[in-house]
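K.L.:
Predicted model and sequence below, questions to follow.
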There are 6 protein chains.
Amino acid sequence: MSHRHLTETTWQETREAAPGAIALLPVGSQEQHAGHLPMGTDTLLVDAVVDRALTLLDEDADGAPSLVRLPTLPYGHSPHHLFAAALTLSAATLEAVLGEILDSLAACGHRRVLVVNGHGGNDEIMKLAVKRFALRAEVTVAACSYWTVTGGGEDGGRPDVTPGHAGWFETSLMLAAHPSLVRTPVPARAPVDPPPLFDRPPYPGLTVERHGEWERVGGSTDDASGADAAHGRRLLDDRALGLARAVRAFDTATRTGP
Amino acid sequence: MSHRHLTETTWQETREAAPGAIALLPVGSQEQHAGHLPMGTDTLLVDAVVDRALTLLDEDADGAPSLVRLPTLPYGHSPHHLFAAALTLSAATLEAVLGEILDSLAACGHRRVLVVNGHGGNDEIMKLAVKRFALRAEVTVAACSYWTVTGGGEDGGRPDVTPGHAGWFETSLMLAAHPSLVRTPVPARAPVDPPPLFDRPPYPGLTVERHGEWERVGGSTDDASGADAAHGRRLLDDRALGLARAVRAFDTATRTGP
Amino acid sequence: MSHRHLTETTWQETREAAPGAIALLPVGSQEQHAGHLPMGTDTLLVDAVVDRALTLLDEDADGAPSLVRLPTLPYGHSPHHLFAAALTLSAATLEAVLGEILDSLAACGHRRVLVVNGHGGNDEIMKLAVKRFALRAEVTVAACSYWTVTGGGEDGGRPDVTPGHAGWFETSLMLAAHPSLVRTPVPARAPVDPPPLFDRPPYPGLTVERHGEWERVGGSTDDASGADAAHGRRLLDDRALGLARAVRAFDTATRTGP
Amino acid sequence: MSHRHLTETTWQETREAAPGAIALLPVGSQEQHAGHLPMGTDTLLVDAVVDRALTLLDEDADGAPSLVRLPTLPYGHSPHHLFAAALTLSAATLEAVLGEILDSLAACGHRRVLVVNGHGGNDEIMKLAVKRFALRAEVTVAACSYWTVTGGGEDGGRPDVTPGHAGWFETSLMLAAHPSLVRTPVPARAPVDPPPLFDRPPYPGLTVERHGEWERVGGSTDDASGADAAHGRRLLDDRALGLARAVRAFDTATRTGP
Amino acid sequence: MSHRHLTETTWQETREAAPGAIALLPVGSQEQHAGHLPMGTDTLLVDAVVDRALTLLDEDADGAPSLVRLPTLPYGHSPHHLFAAALTLSAATLEAVLGEILDSLAACGHRRVLVVNGHGGNDEIMKLAVKRFALRAEVTVAACSYWTVTGGGEDGGRPDVTPGHAGWFETSLMLAAHPSLVRTPVPARAPVDPPPLFDRPPYPGLTVERHGEWERVGGSTDDASGADAAHGRRLLDDRALGLARAVRAFDTATRTGP
Amino acid sequence: MSHRHLTETTWQETREAAPGAIALLPVGSQEQHAGHLPMGTDTLLVDAVVDRALTLLDEDADGAPSLVRLPTLPYGHSPHHLFAAALTLSAATLEAVLGEILDSLAACGHRRVLVVNGHGGNDEIMKLAVKRFALRAEVTVAACSYWTVTGGGEDGGRPDVTPGHAGWFETSLMLAAHPSLVRTPVPARAPVDPPPLFDRPPYPGLTVERHGEWERVGGSTDDASGADAAHGRRLLDDRALGLARAVRAFDTATRTGP
């Protein structure tokens, strides 16, 4: 196995690995996921995808890129879910947390970092953080949300609800990764009319946010009752494969020296 | 003509118009645009698209939605262009500026706002600002960058370089909107190898930022020498049409009362 | 014509002009100006004075100092006008905006900057910003509000109401610069008794702020019904002349080399 | 088992449990722990103590207080360890993180919270955070570092080096909790002369910080070569017992209603 | 004697006095004052003027307004004096300190506050602080620097150097108030050519700040060798009389009820 | 006398003394101290202890360490006393004030600083400030609260109420140091049941903060009616002796050179 957990390495090992390794930071959230999924869904799923991707890389006959896995940040930016329940960092605080972890990595000698996100609400903050980092340090830094890197574009035939929130996609993944944490049977829910503006903007290319919209639509984007573990496994495998390939491509594009 | 400039209305007119009107805030930047385009390109182009869209709406036989145009914010977030020249606000400051203008609009009675952006570097900050605004005020707020709303998907046959930076797309638009400000002939430039990671990530779905990348690739994303005013006019008309339609769709989706 | 608009210059031109030129940044506001003047009055007037001053300098037989005009910042610090209507930046945010624009100018090679203000509420913030800038960068930086620089002390015989707010002075200027934007006839208003403490402190040398004072006095400092365009033109010409002379004096005092 | 992991509960369960339960937030760090202990030592140990304490409570014949365990925050305030290696949040950022998690808990209906800390450098920040929280919300909030709550005062006969840093105490605990992560044999180290001022101030009651002191003393406070798993187990059991008793005492002192 | 020191009153006395009394907050600085005056000159002088003014008011046959004197803030904003020696708060920090003291006064029931400043560098910050305070609390708040309130315009015949810095004016006052702290004989200094731009701007109405200017001119604005205690006493008496009158005028203008 | 007041020294004297001297910064508060002690009690007492300690050092036959006494900061962090009356700085602001004064001292050439605190609520903030200072500057910095440094452990036989708040300890000290400021006879108060959780946590090692606790217990920790001046004098002398010894020990431990 070629990847390490930073939490388990000594500081000398950390320093020695840093110049050549990619540091991988998963970021999750704690927030309402409708009545059938637990608060930590996003954290659990990003961990599931990252773990599988690291296993794929370790098993690869070509050998794995050198990787240091950081402790997953289990808290994200979820103020829009406070209407139900959430533990949320403000955007400014999450930006600071990410920025300071990235700065620390540079101080330890890391030159390449990959942030893998499990929660849509973290997306802009993560992107700002990596952009700013690359301006102030001589690093190359990548970021993705786990559902945006795919092995072959597998979407279970439901691109319209990928990733959504607490709907078919996430429920399928949870049925595959943590079936005991899904409250089943998942009740069907009728489509909300009109659909939420944040998910279905009135014109393509427009981002629209309406006050109270998450509460109006009951906290999820789509009907999860059709979710199943088999689709979940395929989706999970596909994202893990996508992430593994993305890691390798990032490594190839940014490796220096022989 | 049914839209107004807030700068030209009295405070009573502002208050009276606020509950029913959409406030429209354009945001630009001042930053290097290679050797042939001026620093204010993004501001000039977002203004050009907004002006044309407002004209289209005013001329519409169905009547225009009530609109209040705010003064364009001519400064944006451009730290990645400081290697050449830029006047840049930090992300935190631009977030504060947008947030405080949005709060002021709510204090004046506005319930619907549309932010139209002209600079890619403002994108995440704009989205964070509108999301936060909709959480703390009873409003519906929309945001777009002018190149993401299209009339019919017109891309001049060059989706690969839309919008890019200081390349074929922006140069064509400037040749249409402000030809005297384009230094011609625009010199050809050979493709940079490897292409910039921020524009061509090594794996789909990955955002990658490398220190010094903008300087390495000479400050633009693609060859602008083939740009021409005719394409520029069509692109400009298409985005204006897209924005006009987006405004109308936003109005329809969020209008309350009879 | 020897002055340029930064928004229209390329980055190389910006860089080349920077060491020798004075960068000129106008700052305005969007805020209630009683029932007869528009929200953008301060922005419109500072632009009017700056434009006339630049024309005077360009026409001068002695030649003009090298000047780069920046886009006017159309938003200022106006929380005291929110009782009616205003788009306001907090003091901290306006300080940050000015500080970051000034820092950007230094990063582009500028060594001399002049900030010209159109709104009384920006005054302390502008002064703090230029003081701090001169401590952290090797620059000389000047600041004024347009009504404090005069050609010959022209006050139209009304020094008691210069500049005031939405009163005789500003209304006269607007009648000269933008007559179509003044709602006429301007109604007479009786003096408020007692006069506002912020404008007429109970002892000379004292600054006094009372909660709700702007609302109590109806949003203006003095009767504007006697304003006329002829006085406005003379005042505008005088301030433009004053600003032109101030620019030249600043240039002379701070020019280095042959 | 009567305690729950918030990450595994739905939002309704979170809301329902909140008014009666104690929310328990462990906080750790990632920082150098000399040559023989891993970066995550403080996080691993606080988790070990918390897990054992929760087991003791669950097994108690008297029944356990209702508890909701939050995800451990794996990052703390460790700038003094950057000379070797650390991932550190600034004091302001850690204060914000703790404050926002606490605020979120109050928003979810929690009225009682216990923060359990594993890293000395977090101590003041944790205390400030709980003090501020109790001022702005109607809550009772407790905080401790795991080594300050004891079952019977067990110190393994070495109160002089409890807890220290990367010395006899922490090494003994790690040999008991995670023996595979201790690099053995742990080399002996001679006492540093003079001893570090932060650990041995020149006068009782004085806190003294000297620049470069952690580096001067090699990153640990005392010789860890005599550490052994047997002492570690007793210390771990004692702290777990202490924490269990502290939880019960806190519950008794703050429970309201029948 | 009708004024009190807040530091000597109990909290009930503080609460009882608050609604009717004027709270008076002196603000000073610690900064270089050339070779002959001590670092605390501004603090010592504002205290001297305030003490004399309070004595005048207490001795007045008409009775004194109710006053609560706060502890003098001995630290101000002096970054421009760090080239020699200063203990300085940043502008943001001094704004926060003043704002929070003012907020605390309002929380204690005060409705009228007067800030008296002894250091030019605090001026804009003090004005911003009182303006912001009057917007967020139902208070009337006044501010002055001690040299701006005069009894009869006494300037010792030297308006050109009033107040200056470490020159004739301050040295005369210190010879009157604290003669033992003036290092005498005060050496003469030749005028600096050109004079400092911050003190003698190239055009009236312009504020100009040049990097390194305070160091270039040796840390004072004018020759102090002609200072004498007799002038100092008259100036001190005049400012104390001015401040006493200003307090009474402020009291009269803002007193409510019978 | 070997110690100086910074407020009375010129900047050259400040600079010359700085490398060898210990800068001593006392910090107090303004806050309710029950019905019998004044708001400034903590400031008055820290000054009393510091003054006596400096006298002891000056009188010492061995000579005193070189000391520069800074003006006492009379405002601290007291939000928990606002329920009655307090002038309070937020934790962030007090941290900034301390940090900027410390930075200024380093800029003036100081290498050794001692902060002496008079208010429990400042404790964590002071410790954070000195820790951060020692990381960013090449200094050695010490901190204590005056009651933690003792000459011989004198506690008047009442360690259970040392220091408490507005109880036997502080009242005794005030009867010794400022008898005219104690409202006598001090009324007896019955013990509050249950005692305040912040003072008597339910388990040793736990810090507990309950909303409204200070108000519930009437603003003091224990009965002050038995306080007497004789004990106060002995306690005061003991703390002054303790501080003097701490200063000397700090000096010895950190003096460099011959």
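P.N.:
On my side now, so go ahead.
K.L.:
What segments of the stretch 151-258 of chain A are helices?
P.N.:
For the stretch 151-258 of chain A, applying DSSP state H, counting those that start in this stretch gives helices covering A:168-177, A:213-216, A:229-254.
K.L.:
Show me what the longest one is packed against.
P.N.:
What that stands for is helix A:229-254. Packed against helix A:229-254, as judged by 3 or more Cβ pairs under 8 Å, 6 or more residues apart in numbering or on different chains; DSSP states H and E, are the following elements: strand A:22-27, helix A:41-59, strand A:112-117, strand A:140-145, helix A:168-177, strand B:207-210. From N, CA and C alone the C-beta is placed, and that goes for glycine too.
K.L.:
Include mean neighbour count and mean pLDDT when you put the ones you listed into JSON lines, please.
P.N.:
Below are the helices and strands packed on helix A:229-254 laid out as JSON lines (neighbours: other Cβ atoms under 10 Å in any protein chain shown; pLDDT from 0 to 100):
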{"stretch": "strand A:22-27", "mean neighbour count": "25", "mean pLDDT": "98"}
{"stretch": "helix A:41-59", "mean neighbour count": "22", "mean pLDDT": "97"}
{"stretch": "strand A:112-117", "mean neighbour count": "26", "mean pLDDT": "98"}
{"stretch": "strand A:140-145", "mean neighbour count": "27", "mean pLDDT": "98"}
{"stretch": "helix A:168-177", "mean neighbour count": "26", "mean pLDDT": "98"}
{"stretch": "strand B:207-210", "mean neighbour count": "22", "mean pLDDT": "98"}
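K.L.:
out of the helices of the stretch 151-258 of chain A, deepest packed?
P.N.:
Mean neighbours per residue, mean count of other Cβ atoms under 10 Å in any protein chain shown, is largest over the helices of the stretch 151-258 of chain A for helix A:168-177, with a mean of 26.
K.L.:
Need the contact partners of it.
P.N.:
A:33, A:36-37, A:41, A:44-45, A:48, A:147, A:156, A:158, A:161-164, A:181-182, A:186, A:222-224, A:226-233, A:235-236 (Cβ atoms under 8 Å, 6 or more residues apart in numbering or on different chains).
K.L.:
try stretch A:122-137
P.N.:
Contact with stretch A:122-137 is made by A:27, A:29, A:76-77, A:91, A:94-95, A:98-99, A:102-103, A:106, A:113, A:115, A:117, A:139-143, A:145, B:79-80, B:91, B:124-125, B:127-128, B:207, B:209-211, B:213, as judged by Cβ under 8 Å, 6+ apart.
K.L.:
And for stretch A:218-225?
P.N.:
With contact meaning Cβ under 8 Å, 6+ apart, stretch A:218-225 is reached by A:32-34, A:36, A:81, A:83-84, A:160-161, A:164-168, A:170-171, A:185-192, A:196, A:199, D:11.
K.L.:
Just list the residues touching residue A:101, thanks.
P.N.:
Residue A:101 sits next to A:25, A:70, A:73, D:75, D:87, D:89 when contact means Cβ under 8 Å, 6+ apart.
K.L.:
so what pLDDT did it get?
P.N.:
Here, the pLDDT recorded for residue A:101 equals 98.
K.L.:
Relative to residue D:81, how far out is it?
P.N.:
Relative to residue D:81, residue A:101 is positioned 14 Å away (Cβ to Cβ, to the nearest Å).
K.L.:
Residue A:30 too?
P.N.:
For residue A:30, the distance to residue D:81 - Cβ to Cβ - is 28 Å.
K.L.:
out of these two, which sits in the busier spot?
P.N.:
Taking other Cβ atoms under 10 Å in any protein chain shown, residue A:30 and residue D:81 do not tie; residue A:30 has more neighbours (31 against 26).
K.L.:
ok, that one touching residue A:78?
P.N.:
Yes. The criterion here is Cβ atoms under 8 Å, and residue A:30 meets it with residue A:78 at 7.2 Å.
K.L.:
can you tell me which helix or strand the closest residue to chain C within the stretch 1-150 of chain A belongs to?
P.N.:
When distances are taken as Cβ to the nearest Cβ, the stretch 1-150 of chain A reaches nearest to chain C at residue A:135, 12.7 Å away. Applying DSSP states H and E as the criterion places residue A:135 in helix A:123-136.
K.L.:
What mean pLDDT does that helix get?
P.N.:
Averaged across helix A:123-136, the pLDDT comes to 98.
K.L.:
Leaving out sequence neighbours, find the closest residue to residue A:129.
P.N.:
Distances taken as Cβ to Cβ, 6 or more residues apart in numbering or on different chains put residue A:98 closest to residue A:129, at 3.8 Å, once the chain neighbours are dropped.
K.L.:
Phi first, then psi, for whichever residue of the stretch 51-200 of chain A sits closest to chain F.
P.N.:
Nearest to chain F in the stretch 51-200 of chain A, going by Cβ to the nearest Cβ, is residue A:107, at a distance of 12.7 Å. Backbone torsions for residue A:107, taken as degrees, to the nearest 10, come to phi -60, psi -30.
K.L.:
just checking, it touches residue D:82?
P.N.:
Yes. Using Cβ under 8 Å, residue A:107 is in contact with residue D:82, at 5.4 Å.
K.L.:
what's the closest of the helices and strands packed on helix A:229-254 to residue C:248?
P.N.:
strand B:207-210 (45.5 Å; Cβ to Cβ).
K.L.:
Identify all contacting residues around that closest one.
P.N.:
By Cβ under 8 Å, 6+ apart, strand B:207-210 touches A:127, A:130-131, A:133-134, A:139-144, A:250, A:253-254, B:196-198, B:201-202.
K.L.:
I'd assumed residue A:236 was in contact with residue A:151.
P.N.:
No. Applying Cβ under 8 Å, one finds residue A:151 not in contact with residue A:236, separated by 10.4 Å.
K.L.:
how about low-confidence regions in the stretch 151-258 of chain A?
P.N.:
Residue ranges of the stretch 151-258 of chain A with pLDDT under 70: A:257-258.
K.L.:
coming back round to it: just the buried residues of the helix holding residue A:135, please?
P.N.:
Neighbour counts over helix A:123-136 (16 or more other Cβ atoms under 10 Å in any protein chain shown) mark A:123-135 as buried.
K.L.:
same deal with stretch A:188-195?
P.N.:
Under the neighbour-count criterion of 16+ other Cβ under 10 Å, stretch A:188-195 has A:189, A:192 buried.
K.L.:
ok, it near chain D or not?
P.N.:
No. Contact of stretch A:188-195 with chain D is not found when judged by Cβ under 8 Å from any Cβ of the partner chain; the minimum separation is 15.0 Å.
K.L.:
How about that stretch and chain B, touching?
P.N.:
Yes. Judged by Cβ under 8 Å from any Cβ, stretch A:188-195 and chain B are in contact via residue A:194.
K.L.:
How far does that stretch stretch from one end to the other?
P.N.:
Counting by Cα to Cα, to the nearest Å, you get 16 Å between the two ends of stretch A:188-195.
K.L.:
Now do that stretch: distance to the chain's middle.
P.N.:
Counting by Cα atoms, centre = their mean, to the nearest Å, stretch A:188-195 is centred 26 Å from the centre of its parent chain.
K.L.:
Alright, calling it a day.
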